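> no letters, just coordinates:
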């Protein structure tokens, strides 16, 4: 990859070829991250379910797992998964059991859709 540092503006300038190379590499990275996310979904689902079924509900674990899932989804450009995981995290933080149940149902649907789409 070639680049030129412009002394007058202190910025890097990339050629069109470099931009295309970066896009291909970025696309490959996104695909690899998405594949890893799909591999991790069953384990993540199980950890969230276990935390929700605990007596009492393990809200700290729900928050932690939902937060990790939302972050991984963001890296993989999985907008809906990111939003539903964040909604579960927020519901767990609020302690509202009704909101927690609805958020879990939404997230479970999204997890299933992703697991079966790949």
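The structure has been received and is ready for your questions. As the structure is a computational prediction, the values presented were derived from the model and not from experiment.

> which pLDDT value goes with the residue nearest the centre of the chain?
Centroid-nearest residue in the chain, with C-alpha atoms, centre = their mean: residue 73, separated by 1.4 Å. Note on residue 73: pLDDT of 93.

> give me the contacts around the helix or strand hosting it.
Take DSSP states H and E as the rule and residue 73 turns out to sit in helix 59-75. With C-beta atoms under 8 Å, 6 or more residues apart in numbering as the test, helix 59-75 has contacts from 33, 37, 40, 44, 47-48, 50-52, 54, 79, 81-82, 85-86, 88-89, 92-93, 95, 100, 107. Using the backbone N, CA and C atoms, a C-beta is placed for each residue, glycine as well.

> look up how far residue 97 lies from residue 117.
Shown here: residue 117 relative to residue 97, a distance of 30 Å by C-beta to C-beta, to the nearest Å.

> more neighbours, those two?
residue 97 (13 against 7; other C-beta atoms under 10 Å).

> quick one, what contacts the closest residue to the more buried one other than its chain neighbours?
Among residues not flanking residue 97 along the chain, residue 57 sits closest, at 7.6 Å (C-beta to C-beta, 6 or more residues apart in numbering). By C-beta under 8 Å, 6+ apart, the contact set of residue 57 is 51, 97, 100.

> export the residues you listed as JSON lines, with columns for pLDDT and secondary structure.
Putting those into JSON lines (pLDDT from 0 to 100; DSSP: H, G, I helix; E, B strand; the rest coil) gives the following:
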{"residue": "51", "pLDDT": "97", "secondary structure": "helix"}
{"residue": "97", "pLDDT": "92", "secondary structure": "helix"}
{"residue": "100", "pLDDT": "97", "secondary structure": "helix"}
